[in-house]
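Asks: Provided below are the primary sequence and the corresponding predicted coordinates.
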Amino acid sequence: MLVLDLLLQARNFFSHSLAAMSPFFEKSALSFYSIPAVWLTAFVPVMLKSVAIKKVKGFNNVQPRTNVSRVAGDAKIPPAVAARIERMEGAHMNGNENFPLWAVAVLAGNFAGLDNRTMNIISIVYFCARVLYNYVYITQETRRQSSIRTLIFFSNLCLPLYLLLAAATKLARK
C-alpha cells in the first residue's frame with residue numbers, strides 16, 4: 001500500500017505542477033528530445049560500471065565485455081561491490097532493450113499527430129521513471145527492493161505502449 005500511496009501522491013504533484021506549465025507543453029514538441037535523453041539513461045550505468053571496474057580491478061579495454069566476469073570471479077573484491085557492478089551492467093542492458101520501444105513510440109506518436117501536451121508529459125514521466133529505475137536497480141540489495149524495481153519497470157512500460165496504441169488508433173480513424 002505504501003508504494004501505491006507514493007505513486008498517487010507523485011501523480012497529484014506532477015499533475016498540479018504540469019498544469020501550471022501547460023501552455024509551454026502544448027506548443028513545444030519536447031518529446032523528440034526524450035529520445036537522446038532516454039538513450040543516456042541506458043548509457044550512464046555502463047559508464048558508472050566502467051569507473052567502478054577501473055577502481056577495483058583495472059579496466060580491460062582490449063576485451064571490455066569480460067570485465068564484469070573478471071570482477072565477479074576475483075575473491076579479493078568484496079561480493080557487495082561485485083554485485084553492484086553486475087547490477088550496473090543489468091541496468092545498462094535493460095536500458096538498451098527498452099530504448100527501441102521508446103524511440104519508436106515517440107516517433108509514432110508524433111507522426112500520428114498526438115497532441116504535444118500528451119507527448120511531452122509522457123516523455124518527461126518516462127525519462128524520470130527510467131532514472132528512478134536505474135537508481136533502484138543499481139542500489140537494490142533485497143528481494144523487496146527488487147520488487148519495487150519490477151513495479152517501476154512494468155508501470156513505465158505502459159507509457160510507450162500507450163503511445164503506440166494511441167497513434168495506431170488515431171491513424172486508423174483518418
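Replies: Looks like it came in fine.
Asks: what helix or strand does the residue nearest to the spatial centre of the chain sit in?
Replies: With distances taken as CA atoms, centre = their mean, the residue of the chain nearest its centroid is residue 130 (2.0 Å). Applying DSSP states H and E as the criterion places residue 130 in helix 116-139.
Asks: For that helix, name the packing helices and strands.
Replies: helix 2-20, helix 22-27, helix 31-56, helix 79-112, helix 143-172 (3 or more CB pairs under 8 Å, 6 or more residues apart in numbering; DSSP states H and E). To be clear about C-beta, it is placed using only N, CA and C from the backbone, and glycine gets the same treatment.
Asks: mind checking which of those is nearest residue 70?
Replies: Among the helices and strands packed on helix 116-139, the nearest to residue 70 by CB to CB is helix 31-56 (7.9 Å).
Asks: what mean pLDDT would you report for that closest one?
Replies: Averaging pLDDT along helix 31-56 yields 96.
Asks: Residue ranges in the protein under the pLDDT threshold?
Replies: 1-27 (pLDDT under 70).
Asks: if you set the cut-off to 90 instead, what comes out?
Replies: For the chain, residues meeting the criterion pLDDT under 90 lie at 1-30, 60-61, 64, 67, 74, 174.
Asks: residue contacts, residue 157?
Replies: residue 98 (CB atoms under 8 Å, 6 or more residues apart in numbering).
Asks: just to revisit the earlier point, test my guess that the residue nearest to the centre of the chain contacts residue 155.
Replies: No - using CB atoms under 8 Å, residue 130 and residue 155 do not qualify as a contacting pair, with a distance of 11.5 Å.
Asks: follow-up on the earlier one: which one is the residue nearest to the centre of the chain nearest to, not counting chain neighbours?
Replies: Distances taken as CB to CB, 6 or more residues apart in numbering put residue 41 closest to residue 130, at 4.1 Å, once the chain neighbours are dropped.
Asks: Nothing else from me, thank you.
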